[in-house]
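>>> Would you be able to build a 3D model of this:
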Amino acid sequence: MVSYENVPVKNKSEVIHPGHQPVIDTGLLADKTAKLKAGTILKWNIDSTALIAAAPADTPVAVLAEDSDGTNAEVLVCWHGTVIFGRLLNSSGAEPVAATKAMANKLCATGIYPLQLFTSAKKG
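Numbering: from 1, shown residues only. The predicted model follows:
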């Protein structure tokens, strides 16, 4: 059994959980001016050519691994791996809010598994 209690967190806002090697690669935002926070759950736009923030009723495909800068459509996203549940965001509204458990659990179908196993990874 692996205990993550003593795993150091390099970045307090890190979204990726150290329990599984992630697949992080470039994704393309539909709106390059969007300033989304790391942890935002993403879905494909209507024609599946770019990513947008997912709402609770949507089917997610990725998680934003870093904040988007609002000037470049290219962003780093987690396509597969484990993420920290307490840092997942629903950014589909006017302001980002914490993702619900139901919304986060939809990520499992894409191969992204939300975990919350160590105290240093709690939101903050």
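>>> Where does the prediction get shaky in the protein?
For the chain, the stretches flagged by pLDDT under 70 are 1-13, 117-124.
>>> where along it do the helices fall?
Here the chain has its helices, by DSSP state H, at 101-105.
>>> Scan it for its longest strand.
Ranked by residue count under DSSP state E, the longest strand found in the chain is strand 74-84.
>>> Would you confirm that Gly39 contacts Asp67?
No: under the criterion of Cβ atoms under 8 Å, Gly39 makes no contact with Asp67, lying 9.2 Å away. Quick note: C-beta positions are derived from backbone N, CA and C, even for glycine.
>>> who's more crowded, those two?
Gly39 (28 against 15; other Cβ atoms under 10 Å).
>>> May I have the phi/psi pair for that one?
Torsion angles at Gly39 (phi, psi; degrees, to the nearest 10) stand at phi 100, psi -10.
>>> Can you tell me the centre-most residue of this structure?
Geometric centre of the chain, nearest residue: Val63, 2.7 Å, by Cα atoms, centre = their mean.
>>> which other helices and strands contact the longest strand of the chain?
Counting contacts by 3 or more Cβ pairs under 8 Å, 6 or more residues apart in numbering; DSSP states H and E, strand 74-84 packs against strand 23-28, strand 62-64, strand 112-115.
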